[in-house]
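J.: The sequence isn't on hand, but the structure is:
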């Protein structure tokens, strides 16, 4: 049995790591809900395992998602991950082929060249020798790139890179040292005992001429072993916990486990899967447009993991999901942020939430819920009312008097119980009306009605509803002169993915130009209700930046489908900003006497009788 | 103790000097824009909560400035966080953050943390 | 004979023109619209005594004396200058030269459509104070869009002023007293109507203004509610409903109005091609033209020989504008007289 004292740091480190992970993952498994545990067990005995392994191969090893966005960055991550994986795998294969009979302890393949410096001929020994050196070179390129990225992330197309904490830096240093030390150790061994290949042999020769290889090869192996051991011990407490945990996450996702709205082991898995790669930093508008650099997801997840959450930072997020969209691991960041907000703020509801709003339900086919903000952009609600009249639809304008709130801003505030009370009160009103369709002008309201209200009726955003009316020929749309750029409200994008219906509707009326930042790359207007900390100055910077980016291709109108976006852009725009509903109302073929009191006499118009 | 034969009514005055303005200081620390408020009342006019509850942010800020803690703790939790006040404020006060911080301060006072 | 070009044929421009002509200077007035008189064309009666604007307007227009050149419908497309004087290009085809230029281009009125929540342009019975004044002037009866006599009219103060959301932080000064004046006027036209003014503050700063406020209350029964409207709602019959906090009572209040008048504010001219930016002059934080030395020489600009007066440096009453016009005329006259020996120091009483 091959053994030397120097393997101890490695062996102890590895034992510690494996033990730690076993305990941690078991604890997580047993803390899962029974139904989730069943899902896991079922998952392991199904084809989902293959799918999970496939994703692990493409994402955890090849880093395909990163590679597609940024080749240099992708190559860097891939060379480290895939390269190291192959070194271990091929090394194990090599070791097994060389000594099939012997007991192959884990450290033997790692330190193969120590135990078998000049192995002589064995099946495919030349191929192995070459491949192992090639793989080492592959990984070393990754290490060099990673080091360079710390110095100048701009060269990698990253404006900002993660500010690392001390334990991360420590783990990172030991990680980076592993492969250069392996190179040194193998090279010195090759210089002293022969047997190196194109890389280790060459380096060995160079070093052998300068230094005493026979003296230095043994300390080099010690150093290599120690850097490995230190890395393994530091791993569970650093960003590199993502290496094993990401694998667990991928399996969990394929087995059907997902975030539930309160903290579960799934949350723990996700939090520990964040490698703090920093891709979310550049995606965040508060960073590139608002000058706020402490709240990005990498830092939030770190704060949650290490229990030093700053409420000020937790509530300083637009929840636009741009970071979530960029995350190569696909961590469900917004759910985790909501869970954290709930934990920070959930309190017993104030008695005023138990009161029924003094609003009478009305029976109608369709309920129109304008939304709080729409009252401050009355052109939108007036447009919707006009459309309803024109198409003779029996509708109930549920929040005509104001005073009703859908409850989602309360959820953003983390006051979950209060939000549920509000929802209960509203639900009763909705159900009593007997309507089969509910239309809202506000994307924020739309999301909570569709997801959290548990209503058995059709919930639609007004862009979807207006398109349906147009397709059913209940309204006739005439073209409007001018080109328009459509802004996807962040609330309708990246989760609800309602991109096509508004464009289809708008396209029936106006010429549409495209923008680089659209669809799932859309920008938040800055008026997000999810952010409590940011004041006007930060928000306006975000708005201005978004506006400039949206209209860079030029357009005569900026069209949006959210009252908050309209309010935000109106302040900074030098083109008219209109909601889609307003364009529909304008486009509908009808006489429209615009009357200012006293200036013109009102034309009595049958089409415009408001009852 | 000599009985006077009638009860002395509780003081209806705001005793400015004895009042503790720690809620104001707490909020001001996290959101300096509270000092921009001119009590115009646009926030209260916009307010969704005011339709169903006795709530007025304008009043809360004045109460904070006077140090009227009990009154604040009674009404401050009624905000729906809908954000209309933020949209409406002519001075650009970061209203929702102020409510959030006031609620935090009120809770801390109830729990004797400050 | 030295020449002065006055850009802007409004109140300030016309008064300064008359004075300078009488002082013996050759004056040209350039006006971009088709008529002279500026904003005075839009007012019916002036506060505080409701002096009819017409006679004053006629007087200013009729002061066109010999030697005064008037150009209307003029769009200034370029200005060049050196130490001797100015060359002003009009409509891309005409050039006027002058030894000195006076900028009296005035101000803009806030576009009420920008305050969408008040419903201007969306609800039928929302008008601005400027439109109301024009209705007074037309002599026609004041009716709602539905053709009815309004029984309740509300005036909303500070529309587009003192409002970060509207892009104007400053106070427009004259709207409070205008609201009180218009309230009295409309009450006299429609004695049966109830008039309400919704204010944040009542800035009755000038002489006789405070007395006007009291008169409005006791003689005309006009009601003042301290509240600021966030948004207005429209009832199915076209009337309006407002929901506000009655701040002095700290209670929510709702009421119906037949008509709502928005007291739109005064704001600096910001459109592209405006002269302030064209000449490279500095604006103050509120967007109006910067006055380097408001006490010593409020009319000078950083360009030698270029002066300013009137609404271009901020909201003003007609009286104040006329006073400025007279003062700047004297200053320009002084400049032109001593042009050769001009050192940049003006004589003013304080220094002596």
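T.: Received, thanks. These figures come from a predicted structure and were not determined experimentally. Residues are numbered from 1 along each chain as shown, chains lettered A, B, ... in the order given.

J.: in chain B, which spans are helices?
T.: Secondary structure of chain B, counting by DSSP state H: helices at B:22-30, B:42-46, B:57-66, B:69-75, B:84-88, B:95-110.

J.: just so I know, which of the ones you listed lies nearest residue A:311?
T.: For these, the distance to residue A:311 is smallest for helix B:95-110, at 7.8 Å, taking C-beta to C-beta. For the C-beta atoms, the positions are set from N, CA and C on the backbone; glycine is no exception.

J.: what residues does that closest one touch?
T.: Helix B:95-110 has contacts (C-beta atoms under 8 Å, 6 or more residues apart in numbering or on different chains) with A:311, A:315, A:347, A:413, A:532-533, A:535, B:22-23, B:26-27, B:30-31, B:33-34, B:43, B:57, B:60-61, B:64, B:69, B:72-73, B:76-77, B:79, B:81, B:83, B:85-86, B:89, B:114.

J.: winner for burial among the helices of chain B?
T.: Burial of these is given as mean neighbour count (mean count of other C-beta atoms under 10 Å in any protein chain shown); helix B:42-46 ranks first at a mean of 29.

J.: what distance separates it from the middle of the whole chain?
T.: Put simply, helix B:42-46 sits 15 Å off its chain's centre (C-alpha atoms, centre = their mean, to the nearest Å).

J.: Can you tell me what sits against it?
T.: Defining contact as C-beta under 8 Å, 6+ apart, one finds that helix B:42-46 is touched by A:376, B:50, B:56-59, B:84-85, B:87-90, B:93, B:95, C:227-231, C:243-245, C:247, C:252.

J.: The same query, at a cut-off of 7 Å, please.
T.: If you take C-beta atoms under 7 Å, 6 or more residues apart in numbering or on different chains as the criterion, helix B:42-46 is touched by B:50, B:56-58, B:84-85, B:88-90, B:95, C:227-231, C:243-245.

J.: Kindly report the same for stretch A:112-119.
T.: If you take C-beta under 7 Å, 6+ apart as the criterion, stretch A:112-119 is touched by A:2, A:91, A:94-95, A:98, A:108, A:125, A:186, A:189, A:193-195, A:221.

J.: What average pLDDT does it get?
T.: Averaging pLDDT along stretch A:112-119 yields 80.

J.: Next, the buried residues of that stretch.
T.: In terms of neighbour count (16 or more other C-beta atoms under 10 Å in any protein chain shown), stretch A:112-119 has its buried residues at A:112-117, A:119.

J.: can you check stretch C:237-250 too?
T.: Neighbour-count burial for stretch C:237-250, counted by 16+ other C-beta under 10 Å, picks out C:238-240, C:242-247.

J.: Also stretch A:423-435?
T.: Taking 16+ other C-beta under 10 Å as the basis for neighbour counts, the residues of stretch A:423-435 that come out buried are A:423, A:425-427, A:429-430, A:433, A:435.

J.: low pLDDT regions in the chain?
T.: I went with chain A, as the question did not name one. A:1, A:102, A:589-611 (pLDDT under 70).

J.: Chain C is the one I meant
T.: Counting by pLDDT under 70, chain C contains low-confidence ranges at C:1, C:65-67, C:340-352.

J.: any idea which of the buried residues of stretch A:423-435 is closest to chain B?
T.: Out of these, the one with the shortest distance to chain B is residue A:425. That distance is 9.2 Å, counting by C-beta to the nearest C-beta.

J.: which SS state does residue C:184 fall under?
T.: helix (DSSP: H, G, I helix; E, B strand; the rest coil).

J.: from memory it sits against residue C:218, does it?
T.: No: between residue C:184 and residue C:218 there is no contact, the gap being 11.7 Å when judged by C-beta atoms under 7 Å.

J.: neighbour count winner among these two?
T.: In this comparison of residue C:184 against residue C:218, neighbours counted by other C-beta atoms under 10 Å in any protein chain shown, the higher total goes to residue C:184 at 21 against 8.

J.: what's the domain layout of the chain?
T.: All of this refers to chain A. As assigned by automatic domain parsing, chain A contains the domains A:8-156+A:167-244, A:264-345, A:353-471, A:483-587.

J.: try again with chain C
T.: For chain C, automatic domain parsing gives the domain ranges C:3-107+C:268-337, C:112-266.

J.: Can you give me every residue that contacts the most centrally placed residue in chain B?
T.: Note on chain B: the residue nearest the mean C-alpha position is residue B:60, at 2.6 Å, using C-alpha atoms, centre = their mean. Residues touching residue B:60, when contacts are defined by C-beta under 7 Å, 6+ apart, comprise B:72, B:75-76, B:102.

J.: got TSV for the residues you listed, with pLDDT too?
T.: What follows is the contacts of residue B:60, written out as TSV (pLDDT from 0 to 100):
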residue	pLDDT
B:72	95
B:75	94
B:76	94
B:102	95
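
J.: Pick out whichever of those sits closest to chain C.
T.: Closest approach to chain C among the contacts of residue B:60 (C-beta to the nearest C-beta): residue B:75, at 10.7 Å.

J.: Pick out the most distant pair among the contacts of residue B:60.
T.: Taking C-beta to C-beta as the measure, the contacts of residue B:60 have their most distant pair in B:75 and B:102, spaced 10.0 Å apart.

J.: And for residue A:466, the neighbour number?
T.: Number of residues near residue A:466 (other C-beta under 10 Å) recorded here: 30.

J.: Please, which helix or strand holds the spatially closest residue to it that is not a sequence neighbour?
T.: The shortest distance from residue A:466 to any residue that is not its chain neighbour, by C-beta to C-beta, 6 or more residues apart in numbering or on different chains, is 5.2 Å, and that residue is residue A:584. When secondary structure is defined by DSSP states H and E, residue A:584 falls within helix A:580-587.

J.: Can you name every helix or strand that that helix contacts?
T.: Contacting helix A:580-587 under the criterion 3 or more C-beta pairs under 7 Å, 6 or more residues apart in numbering or on different chains; DSSP states H and E are the following elements: helix A:378-390, helix A:462-471, helix A:500-507.
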